[in-house]
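1. Based on what follows, work out the 3D shape:
(one chain, ligands or ions: 1)
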Amino acid sequence: MTSPDAATAAELDAQLRRASWVGMDPHAVPEFFPPIFDDRPGIARDLPPGRLLRTTFALDVVPDEAWLAATARGVYRAFLNGVRVGDDELAPGWTDYRHRVHVQHHEVAALLRPGVNVWAVELADGWWSGYLGMDRRHQAGVYGDTPSFRGALVCRAAERTQTVLTGEGWLIGTGHIRYADLLMGQMTDLSAEPLGWSTAPDVSHLAEFAPAWCDEALGVRLDPQRGPSIRATGSLPPVRIDALPGGRHLVDFGQNLVGRVRLQLRSVPPGTRIHIRHGEALSDGELYTENLRTARAHDIIVADGADRDVEPAFTFHGFRYAELRGHPGPLEPDDIRAIVIGSDVHRVGSFACSDPRLEQLERNIAWTIRGNLVSVPTDCPQRDERLGWMGDAQLIMRTANAQFDVAEFIGKWLVDIRDGQSEDGAYPDVAPRIVVDVDGSPGWADAGVLVPWTTALYTGRIDLLEEHRESMERFMSSLERDNPSGIREHALQRNYGDWVSLGPPTPKTLVATAYSARCADALAASARLTGEDPARWEALADRIRTAFRGRFVGDDGLLHDETQTAYALAIMCGLLSEGDLGRAGARLASLIDAAGGALDTGIHGLRHLLPALTVSGQLDCAYRVLLREGHPGWLAQLAAGATTVWERWDGWTPEQGFQTPAMNSFNHYAFGSVGEWMYEWMGGLRPDPASPGFAHAVIRPHPGGGVTHCRVERTLPAGMLAVEWRIRDGVLRLEVEVPPGHTARVHVPVVHTRATAGEAERHSWDTYDVQHGRHRFESPFDGDWAPAARVDWRGEA
Ligand code: BGC
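-> From the prediction side, this is the model:
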């Protein structure tokens, strides 16, 4: 993707409107049968083939400048004279197609030549008409029955501008892409590629091609692409290749990832059919695929005898292992790669510490986030689901912002969320709103308020709040209208509660009401940043707090329903009075002790658990939970070989084996929300709500857990913001790096016990205000560190 100037963009838009959709006549599309979910080769019959489209046009000269504007209801790749245009994958990406489709722009002069040129397109179903989600009644064709493409090519030379549009004169055929589906996989028959279809001026000899069906009507709004393109962002060699019975090869890429396998074919006889299956795990040395549910994730390649690289274009899989059947061998490590694909976000945060397990955990979280940002933030990348579940996304949003530059990606997704907003203000559970098409639940719908706030807080993108403000307010007003008492007990929709909780259930009304308070706080904080009056939302937050205390908090300041999640939420949503915080923290710690030192929350409790322990004076317990080696816990996942974060703590255990395949993703980011604690509390780098985008940073590290060194970094446009602490010989050395134009308030932990004989035990913070530069601090740190309860996180949501 390249960006044209405003005048060119306007011209391209006007031309694209004059163009037509080209594809297959939807009325001629055969009835769509779901594929057969076993290994019979019949699958190729049941999925529609990829379409090949083409036209020719003559140019007198090579244009000085040539722009292609293109989009599809489906997914496409464009070629000019046989050369692929750009490197976007799965363009135009997934938006709420009921409302809009994105348009990509490319500067293509270098691909054109005087004389006859060929413009060709590969087109497949993608999110538009392929398999999507898990609704058994309507698993494919969610938006339409068949894909179509629309494009405009504007070539400017000194003497004249020439425009080529999709429409009459375009041809359509089929060929090497026997089928291509996001969930099911792609079959590529290299021997069936029509000769010269994307390069030859004339294909009248090719029976596959006939005039394309054309439709001038726009049918949907066309928007210039917003957010990063999906691209190939990495390539992993195998770490191991094993031969399996039946001439099969099992390839381990050493990393659970999202993408596809690229095969280098060398001396593979024509007609050889190589069948690639993908899986996240092994069972008894064989690929484990039950947890993919009905996502078949099979790629098939039929060789044509030529030596070449082959990789499917219109599918993606969540996998660490690939099983190849039919490869004649030998399969050398150089013959195969896992190509990582995803929305092209970049790392802006980094984390290092003296405990390599925590470094591995942080990497696993990053892989999980990266893998689940594929046009929309998905719950999981592998099974028949891959939906933009909003609860999971809001829970991971601080961690995602700490690790990656997600603001553009989120800016795009907020439009999907708005497109899914009901007339009365309710947000959905998933965005784009499909499959789960009811209004959203507490903790899920709320992402519509929490995600823009968190992203603006982290990146300083206040424009996102401005753009989304009216929508956020409508949502909040609907919450208020439905729940006038402040207790959120109406319009709860599917009301999932503290999803995948292991412990005693937390009342759903408590979870819901805590989220109402958090949303009201976020809206008030947003209003403060955009210069609106926050009073209405502050008053609402107060009303909700009062109602919460009346319903859920006893006279002793403790909760009636004592679960880890209830305390974690009550503490972090600021629902307890400050004076009760220490006692609540002690109760929470004792609940954890009673559970054998383990967490037992679901996804909502989890995100708040370690921060709640930290702010309520139980830092030690927070570290114990984090570093606990047994199940359930992060380190138990690592010990089981996890390279991404799992959906369930017991996704696989040595004792029980796999959890139910009905719901057992090994690439699910919600439990990765602990990354937020690692960056913000352990490392100690937090954004300041009054000064977002780290214009002013709050630096308050929380050493503990036997960790002797930790460094967190954030790359900002102005330079590096970094915090590093090290403990040695009873001294804490803290080094802070602040880029030009930024400031920070640094809180240096101080512990005096044994070393200062005669002095009373002291745990405190020394505070300094610093500006651009490198700053070093030293403090005595020679005893058990137990910082007291504090409340300075409020309003940050
Ligand atoms: C998804 C979750 C999601 C949940 C809602 C699941 O199928 O994978 O991540 O939040 O449904 O109940």
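2. The helix or strand where residue 72 lies pairs with which strands?
-> Assigning secondary structure by DSSP states H and E places residue 72 in strand 65-73. Applying DSSP bridges, strand 65-73 is found paired with strand 100-107 (antiparallel), strand 148-156 (antiparallel).
3. is it true that residue 397 touches residue 455?
-> Yes - contact criterion C-beta atoms under 8 Å: residue 397 and residue 455 qualify, at 6.7 Å. (Each C-beta comes from the backbone N, C-alpha and C, glycine too.)
4. Which neighbours do those two have in common?
-> 406, 410 (C-beta atoms under 8 Å, 6 or more residues apart in numbering).
5. Same question for the top helix by length along the chain: list its buried residues.
-> The single longest helix within the chain, with elements called by DSSP state H, is helix 508-530. Under the neighbour-count criterion of 16 or more other C-beta atoms under 10 Å, helix 508-530 has 508-529 buried.
6. Against residue 781, how distant is the residue of the stretch 251-400 of the chain found nearest the ligand?
-> Here the stretch 251-400 of the chain gets closest to the ligand at one residue, residue 379, 3.6 Å apart by C-beta to the nearest ligand atom. Distance, residue 379 to residue 781, using C-beta to C-beta, to the nearest Å: 41 Å.
7. same question, residue 708
-> 10 Å.
8. what is in contact with these two at once?
-> With C-beta under 8 Å, 6+ apart, residue 708 and residue 781 have common neighbours residue 727.
9. ok, now how distant is the residue lying closest to residue 165 once chain neighbours are set aside from the ligand?
-> Setting aside the residues directly before and after it, residue 165 is nearest to residue 19 in space (C-beta to C-beta, 6 or more residues apart in numbering), at 3.8 Å. According to C-beta to the nearest ligand atom, to the nearest Å, residue 19 stands 39 Å off from the ligand.
10. So what's the residue count around residue 19?
-> Look at residue 19: counted by other C-beta atoms under 10 Å, it has 23 neighbours.
11. same check, this time on residue 641
-> 12.
12. now swap in residue 370 and tell me
-> For residue 370, using other C-beta under 10 Å, the count is 26.
13. how near is the nearest residue to it once chain neighbours are set aside to residue 256?
-> Excluding its sequence neighbours, the residue lying closest to residue 370 (C-beta to C-beta, 6+ apart) is residue 342, at 5.5 Å. Taking C-beta to C-beta as the measure, residue 342 falls 13 Å from residue 256.
14. Any chance you could list residues touching both of these two?
-> residue 371.
15. nearest residue to the residue nearest in space to the middle of the chain other than its sequence neighbours?
-> For the chain, residue 373 is the residue whose C-alpha lies nearest the centre (C-alpha atoms, centre = their mean; 2.9 Å). Distances taken as C-beta to C-beta, 6+ apart put residue 343 closest to residue 373, at 4.5 Å, once the chain neighbours are dropped.
16. Quick check: bridge partners of that neighbour?
-> What pairs with residue 343, by the bridge criterion (DSSP bridges), is residue 230.
17. so it touches residue 410, yeah?
-> No - using C-beta under 8 Å, residue 343 is not in contact with residue 410, being 10.5 Å away.
18. Neighbour count: residue 708 and residue 781, which is higher?
-> Shown here are residue 708 and residue 781; by other C-beta under 10 Å, residue 781 has more neighbours (24 against 14).
19. quick one, strands of the stretch 101-250 of the chain?
-> For the stretch 101-250 of the chain, applying DSSP state E, counting those that start in this stretch gives strands covering 115-124, 148-156, 161-165, 171-173, 177-181, 185-189, 210-211, 213-215, 221-224, 230-236, 240-244, 248-265.
20. who wins for proximity to the ligand among the ones you listed?
-> strand 248-265 (15.1 Å).
21. Distance from the closest one to the middle of the chain?
-> The chain centroid and the centroid of strand 248-265 are separated by 21 Å under C-alpha atoms, centre = their mean, to the nearest Å.
22. same question, stretch 768-783
-> 36 Å.
23. Pull the residues that contact that stretch.
-> Here stretch 768-783 has contacts from 703, 727, 730-746, 748-756, 761, 766, using C-beta under 8 Å, 6+ apart.
24. Take the residues you listed and keep only those in helices.
-> Using DSSP H, none of the contacts of stretch 768-783 sit in helices.
25. overlap between these and the residues near the ligand?
-> By C-beta under 6 Å from any ligand atom, no member of those lies near the ligand.
26. OK, contacts around residue 696?
-> 688, 690, 742, 743, 744, 745.
27. try it again with 7 Å
-> 688, 743, 744 (C-beta atoms under 7 Å, 6 or more residues apart in numbering).
28. could you measure it against the ligand, distance?
-> 34 Å.
29. Can you read off the pLDDT for that residue?
-> We have a pLDDT of 97 for residue 696.
30. tell me the phi and psi of the closest residue to the ligand within the stretch 1-150 of the chain?
-> Residue of the stretch 1-150 of the chain nearest the ligand, by C-beta to the nearest ligand atom: residue 134 (7.5 Å). When quoted as degrees, to the nearest 10, the phi and psi of residue 134 stand at phi -130, psi 20.
31. tally of neighbours for it?
-> Neighbours of residue 134 (other C-beta under 10 Å): 17.
32. correct me, but it touches residue 384?
-> Yes - with contact defined as C-beta atoms under 7 Å, residue 134 counts as touching residue 384 (4.8 Å).
33. and residue 628, how many residues sit next to it?
-> Count around residue 628 with other C-beta under 10 Å applied: 18.
34. what does the stretch 451-600 of the chain have sitting close to the ligand?
-> Counting by C-beta under 6 Å from any ligand atom, the stretch 451-600 of the chain sits next to the ligand at 496, 499.
35. And the helices in the stretch 451-600 of the chain?
-> 462-482, 508-530, 535-552, 564-572, 581-594 (DSSP state H, counting those that start in this stretch).
36. for the longest helix of the chain, packing partners?
-> helix 447-459, helix 462-482, helix 535-552, helix 564-572 (3 or more C-beta pairs under 7 Å, 6 or more residues apart in numbering; DSSP states H and E).
37. do that again at 6 Å, thanks
-> Judged by 3 or more C-beta pairs under 6 Å, 6 or more residues apart in numbering; DSSP states H and E, the packing partners of helix 508-530 are helix 447-459, helix 462-482, helix 535-552.
38. lowest confidence element among the helices and strands of the chain?
-> Using mean pLDDT, DSSP states H and E, the weakest-scoring helix or strand in the chain turns out to be helix 43-46, at a mean of 51.
39. so where's the stretch 651-797 of the chain uncertain?
-> 753-761, 791-797 (pLDDT under 70).
40. One more pass at 80, please.
-> 752-762, 783-784, 788-797 (pLDDT under 80).
41. all strands for it, in order.
-> 652-653, 657-658, 685-687, 696-699, 709-716, 719-728, 731-738, 743-752, 762-770, 773-780.
42. List the pairing partners of the first one within its sheet, with orientation.
-> Note on strand 652-653: by DSSP bridges, its sheet partners are strand 657-658 (antiparallel).
43. Pull the residues that contact the strand it pairs with.
-> residue 652 (C-beta atoms under 6 Å, 6 or more residues apart in numbering).
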